[in-house]
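J.: Sequence first, predicted model second:
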There are 2 protein chains.
Amino acid sequence: VLHLIIADSELELVPEKIRDHPSVVNYAKKRGKKPDEVLLDSTYHHSALKMLEDGDRRGRPDIVHFCLINALESILNKEGELRVYVHTRNNEVIYIKPETRLPRNYNRFVGLMESLFKDKVVPKGLELLRMEKKTLLELLGEIKPDGVFIMHETGNLLTPKELGERLVSYTSPAVVVGGFPHGDFLSEVEGEKVSIYREPLMAWTVVNEVLINYEGSLLW
Amino acid sequence: VLHLIIADSELELVPEKIRDHPSVVNYAKKRGKKPDEVLLDSTYHHSALKMLEDGDRRGRPDIVHFCLINALESILNKEGELRVYVHTRNNEVIYIKPETRLPRNYNRFVGLMESLFKDKVVPKGLELLRMEKKTLLELLGEIKPDGVFIMHETGNLLTPKELGERLVSYTSPAVVVGGFPHGDFLSEVEGEKVSIYREPLMAWTVVNEVLINYEGSLLW
């Protein structure tokens, strides 16, 4: 089974520092929520983000949404050969049961993530999603993969096919993909840095290439 | 070059029949638009959709969004080996320039599509997206592919890898993927019906499998 970790994802509630910024106050009001209950979103909080450290990369629930929608609907997941985790910039880890059908609608997905930050599990009975305070290193210590691959612009260049072939030589490899739009990992990670293209790729493109090439080597 | 056609997509403005339905009127008002200017969206117009023919599958701009975000950010597209078209249930065709960077935010994407329905080209100068009245058959007549593959649950079962290998034996194959959540194509299409999995897959999953396996056979 392949462990896919979307790491240092830009998924967080609006930080305290900008909770009284007009763009945040208006956004929360329009959605009938309090400013400390809504996700940070670069589309709507652009001007407030300038006041935050790393403001040019934060507030990207859309990246997490695209990665998860692709991963959970993949053939690999349907075959029971995938586990997906979302790790955030504030060291939370979201565990997602493989049978989870996430909302396709972005606004509903944002609402679901807001419930998760509040309640730590959603939905109450099924607990398809669960959030715990945890670093990337702690998560890897828990998974105990027999190989860790970090998808990184400066890593060893392999073709996506070669990466798929490498991955199937492990029993339970972990692949770490950055859940941020640009820049580098914030977390410490130990593993083999790998690149599959000569140019930077979006997180969901890397997810698709990894899962489908692993699937190709494993199943067909 | 591979021609990817998202066909019979459930992308349309709110049909006249339900423009005075409360769910539509309120939705349009909230967005500061007129009911005849907004996209039909099953998330928000659920109750009104029951009054329409095929109401259980219509109003799915999210499917088009996922397919396009994956296709346009794919390695295949970066290599200049992909052309993408969206064909709708009302026989419009959207031509998309390969260098287009679509909005990642769903609400912005919806706004862009609404402008496109109104103006037929967006943005005015660059014309990255262009919409024309056209059937799927007319589009195929224009592209003149040397092979047409229709992704279909009842098609010949191939592994994704075998499909990739088949596709590269053509100079400019066309692959038709249904841009709807379930059911069958509305359009007439002639071509080889192909299935890549024993169960139904979401449209964007099929898009990812087709593009990455074609890329694998073509480039690596």
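T.: Now that the structure is in, tell me what you want to look at.
J.: going forward, measure contacts between C-alpha atoms and count neighbours the same way
T.: OK.
J.: For chain A, which residues are neighbours of chain B?
T.: A:43, A:62, A:66, A:70, A:73-75, A:104-106, A:159-161, A:197, A:201-202, A:204-205, A:208-209, A:212, A:216, A:220 (C-alpha under 8 Å from any C-alpha of the partner chain).
J.: of these, buried ones?
T.: Neighbour-count burial (16 or more other C-alpha atoms under 10 Å in any protein chain shown) applied to these gives A:62, A:66, A:70, A:73-75, A:104-106, A:159-161, A:197, A:201-202, A:204-205, A:208-209, A:212, A:216.
J.: Those residues in helices, which ones?
T.: A:62, A:66, A:70, A:75, A:106, A:160-161, A:204-205, A:208-209, A:212, A:216 (DSSP state H).
J.: hang on, isn't A:Ser187 packed against A:Leu136?
T.: Yes - applying C-alpha atoms under 8 Å, one finds A:Ser187 in contact with A:Leu136, separated by 6.8 Å.
J.: re the thing from before, which two of the ones in helices among the buried ones among the residues of chain A next to chain B have the greatest separation?
T.: Maximum pairwise distance among these (C-alpha to C-alpha): 31.5 Å, between A:Tyr106 and A:Lys161.
J.: how far does stretch A:31-39 sit from the chain's center?
T.: 22 Å (C-alpha atoms, centre = their mean, to the nearest Å).
J.: Apologies, that question was intended for stretch A:142-149.
T.: Using C-alpha atoms, centre = their mean, the offset of stretch A:142-149 from its chain centre is 17 Å.
J.: what's in contact with it?
T.: A:3, A:170-176, A:190-194 (C-alpha atoms under 8 Å, 6 or more residues apart in numbering or on different chains).
J.: give the contact list for A:Gly55.
T.: A:Gly55 sits in contact with A:Leu49, where contact means C-alpha under 8 Å, 6+ apart.
J.: returning to that earlier point: can you select the buried ones from the contacts of stretch A:142-149 in PyMOL?
T.: Selection of the buried residues among the contacts of stretch A:142-149 in PyMOL, burial being defined by 16+ other C-alpha under 10 Å:
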select buried, chain A and resi 3+172+173+174+175+176+193+194
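J.: Flag whichever of the contacts of stretch A:142-149 scores worst on pLDDT.
T.: Lowest pLDDT of the contacts of stretch A:142-149: A:Glu190, 92.
J.: picking up where we left off before, would you mind telling me which of A:Ser187 and A:Leu136 has the busier surroundings?
T.: A:Leu136 (23 against 17; other C-alpha atoms under 10 Å in any protein chain shown).
J.: before we move on, back to that, nearest to B:Arg83, out of the ones in helices among the buried ones among the residues of chain A next to chain B: which one, please.
T.: Using C-alpha to C-alpha, these come closest to B:Arg83 at A:Thr205, 17.1 Å.
J.: contacting residues for that closest one?
T.: B:70, B:73-75.
J.: how close does it sit to A:Ile150?
T.: According to C-alpha to C-alpha, to the nearest Å, A:Thr205 and A:Ile150 sit 15 Å apart.
J.: cool, and A:Val177?
T.: 7 Å.
J.: mind listing the helices for chain A?
T.: For chain A, applying DSSP H gives helices covering A:22-30, A:46-49, A:61-72, A:75-78, A:106-119, A:136-143, A:160-167, A:203-219.
J.: which of the residues in the lengthiest strand in chain A are buried?
T.: Longest strand of chain A, by residue count under DSSP state E: strand A:147-157. Within strand A:147-157, the residues that count as buried by 16+ other C-alpha under 10 Å are A:147-153, A:157.
J.: Kindly report the same for stretch A:93-103.
T.: Quick answer for stretch A:93-103 (16+ other C-alpha under 10 Å): A:93-98, A:102.
J.: and what of stretch A:6-16?
T.: For stretch A:6-16, using 16+ other C-alpha under 10 Å, the buried residues are A:6-14.
J.: For that stretch, what does the pLDDT average out to?
T.: Per-residue pLDDT over stretch A:6-16 has a mean of 98.
J.: hmm, who's touching it?
T.: A:24, A:35-40, A:57-61, A:64, A:67, A:84-91, A:114, A:117, A:136, A:176-180, A:185-187.
J.: Just the buried ones from those residues?
T.: Buried members of the contacts of stretch A:6-16, scored by 16+ other C-alpha under 10 Å, are A:24, A:35-40, A:58-61, A:64, A:67, A:84-91, A:114, A:117, A:136, A:176-180, A:185, A:187.
J.: got the helices of chain A as a markdown table, with mean pLDDT columns?
T.: Output for these, formatted as a markdown table (pLDDT from 0 to 100):
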| stretch | mean pLDDT |
| --- | --- |
| helix A:22-30 | 97 |
| helix A:46-49 | 96 |
| helix A:61-72 | 98 |
| helix A:75-78 | 98 |
| helix A:106-119 | 98 |
| helix A:136-143 | 98 |
| helix A:160-167 | 98 |
| helix A:203-219 | 98 |
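J.: CSV for the ones you listed, including distance to B:Leu52?
T.: Formatted as CSV, the helices of chain A follow (distance: least, C-alpha to C-alpha, whole Å):
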stretch, distance to B:Leu52
helix A:22-30, 30
helix A:46-49, 39
helix A:61-72, 28
helix A:75-78, 33
helix A:106-119, 24
helix A:136-143, 48
helix A:160-167, 45
helix A:203-219, 35
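J.: how about the ones you listed, which one is nearest B:Glu53?
T.: The nearest among these, by C-alpha to C-alpha, is helix A:106-119 at 25.5 Å.
J.: CA atoms only for that closest one - export them in PDB, please.
T.: Taking C-alpha atoms only, helix A:106-119 is exported to PDB below (Å, rounded to 0.1, in the frame of the first residue of the first chain):
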ATOM      1  CA  TYR A 106     -15.400  23.800  -3.100                       C
ATOM      2  CA  ASN A 107     -17.600  25.800  -0.800                       C
ATOM      3  CA  ARG A 108     -19.000  22.700   0.800                       C
ATOM      4  CA  PHE A 109     -15.400  21.300   1.100                       C
ATOM      5  CA  VAL A 110     -14.400  24.500   2.900                       C
ATOM      6  CA  GLY A 111     -17.400  24.200   5.300                       C
ATOM      7  CA  LEU A 112     -16.400  20.600   6.000                       C
ATOM      8  CA  MET A 113     -12.800  21.600   6.800                       C
ATOM      9  CA  GLU A 114     -14.100  24.300   9.100                       C
ATOM     10  CA  SER A 115     -16.200  21.700  11.000                       C
ATOM     11  CA  LEU A 116     -13.100  19.500  11.200                       C
ATOM     12  CA  PHE A 117     -11.000  22.200  12.800                       C
ATOM     13  CA  LYS A 118     -13.700  22.800  15.300                       C
ATOM     14  CA  ASP A 119     -14.800  19.200  16.100                       C
END
